[in-house]
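*Asks:* My questions concern the predicted model and sequence given below.
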Amino acid sequence: MSRTVFPVTSPLDGAVRDAWAVDSSASETRGVVQILHGMAEHKERYAEFAAFLSEAGYAVVAHDHRGHGRNEPDESRNGFFASSGGWQAVVSDVFAVRARIVATYPGVPIYLFGHSMGSFIARSCMIRDAGAYAGYILCGTASHPGLAGHAGRTLARLLSARGHERVRSPLLSSLTKHGFNRDFAPNRTAYDWLSRDESEVDEYIADPACGFIPCRAFFRDMVGGLIEVNTHSDLAAIRDAVPVFLIAGGKDPVGGSGQGVERVAAMLRAHTPCEVSVRMFPDDRHELLKELDRTEVFRAVSAWLGAHAYWGNRPTRTNQ
């Protein structure tokens, strides 16, 4: 399994992000899986998953979102996207990485995998140009945050005003994760909700590039993105009947213990032409790829990819 590290430059503002590509171990690449990591983590946590997919015949590409990553200085590792238009900038970065994939793997189907916040970003990509990918895998996604989400975005906007957008916000961070650990009491750590695998939870806690407190503007942008992808009028922009695979833990508080994920699936079926399927892992928590049964999760993803080598009657577009 060979790995190539490369920079990706944003077409919007010239920001440069770190990325890597892992080639397929097979003689012929069946497809490329582009990975979008979640909030307050980074691409290196997906190495085991990438190795599995490589053995299954897929190339894998991942990049660090703005304000994330082990290569970011400590003072810059705060989730900051941009002073304005931050969510659009993050989505634009995804398409910039896709352009690199098209140039490197011409004619090969490209699939977008997003975990948690990465799944929100993937859903925004669907709204902007669903047919740019052969399919979407949404891991640990969430439904509309409701009135609390609108109130939180308003608060984040107010706190971000007048040059304070880069200030870290323990308040907004606490509100975002409020109650996540409740169902796992008595709690061993503040992150029991991530996984049943205690070694993975401990590794997350020990990693300085994970679990950091994001800045105020981050919450303004992320909650705004989550509201967008759960708004029916925005979903009406999706015209391509692409396949979408939602995977989630039955005990994941981010997905409402499965209920929120089912609401997302129902919404996509009702307001888009997408082919939607759901696989729930009943005992799993938020980070499926770090769970005790993660090999089963890996196999489910590989099986879905194998069953959706093409969508409709043609491969994913590669000329954009």
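*Replies:* Right, received. Where do you want to start?
*Asks:* ranges for the strands of the stretch 151-300 of the chain?
*Replies:* Secondary structure of the stretch 151-300 of the chain (DSSP state E, counting those that start in this stretch): strands at 243-249, 275-281.
*Asks:* Most tightly packed of those?
*Replies:* Neighbour counts (mean count of other CB atoms under 10 Å) averaged over each of the strands of the stretch 151-300 of the chain peak at strand 243-249, with a mean of 25. C-beta here means a position set from N, CA and C on the backbone, and glycine is covered the same way.
*Asks:* I'd like to know which elements that one is packed against.
*Replies:* Under the contact criterion of 3 or more CB pairs under 8 Å, 6 or more residues apart in numbering; DSSP states H and E, strand 243-249 touches strand 135-139, helix 259-271, strand 275-281, helix 294-307.
*Asks:* most neighbours per residue, which of those?
*Replies:* The highest mean neighbour count among these, using mean count of other CB under 10 Å, belongs to strand 135-139: a mean of 27.
*Asks:* got the angle for that one vs helix 294-307?
*Replies:* Here strand 135-139 runs at an angle of 160 degrees relative to helix 294-307 (axes from the mean of the first three to the mean of the last three CA atoms, to 10 degrees).
*Asks:* who touches strand 135-139?
*Replies:* Residues from elsewhere that reach strand 135-139, judged by CB atoms under 8 Å, 6 or more residues apart in numbering: 33, 109, 111-116, 118-119, 122-123, 125-126, 130, 242-248, 264, 288-289, 301, 304-305, 308, 311, 316.
*Asks:* Surely Ala190 and Arg182 touch.
*Replies:* No. At 11.9 Å, Ala190 and Arg182 do not qualify as touching, with contact defined as CB atoms under 8 Å.
*Asks:* in stretch 204-213, what's buried?
*Replies:* Within stretch 204-213, the residues that qualify as buried are Tyr204, Asp207, Ala209, Cys210, Gly211, Phe212, counting by 16 or more other CB atoms under 10 Å.
*Asks:* Arrange those residues in CSV, one row each, with pLDDT and distance to Ala15 as further columns.
*Replies:* Converted to CSV, the buried residues of stretch 204-213 look like this (pLDDT from 0 to 100; distance: CB to CB, whole Å):
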residue, pLDDT, distance to Ala15
Tyr204, 98, 26
Asp207, 97, 23
Ala209, 96, 18
Cys210, 97, 22
Gly211, 96, 23
Phe212, 96, 19
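*Asks:* tell me which of these is nearest to Ser160?
*Replies:* Nearest to Ser160 among those is Phe212, at 17.5 Å by CB to CB.
*Asks:* May I see the buried residues of stretch 86-96?
*Replies:* By neighbour count on 16+ other CB under 10 Å, the buried set for stretch 86-96 is Gly86, Trp87, Gln88, Ala89, Val90, Val91, Ser92, Asp93, Val94, Ala96.
*Asks:* how about the residue nearest to the spatial centre of the chain, what does it touch?
*Replies:* What sits nearest the mean C-alpha location of the chain, by CA atoms, centre = their mean, is Gly118, with 1.5 Å. When contacts are counted by CB under 8 Å, 6+ apart, Gly118 touches Ile35, Leu36, His37, Gly38, His65, Cys139.
*Asks:* In space, what's closest to it - neighbours in sequence excluded?
*Replies:* What sits nearest to Gly118 in space, not counting adjacent residues and going by CB to CB, 6 or more residues apart in numbering, is Leu36, at 3.2 Å.
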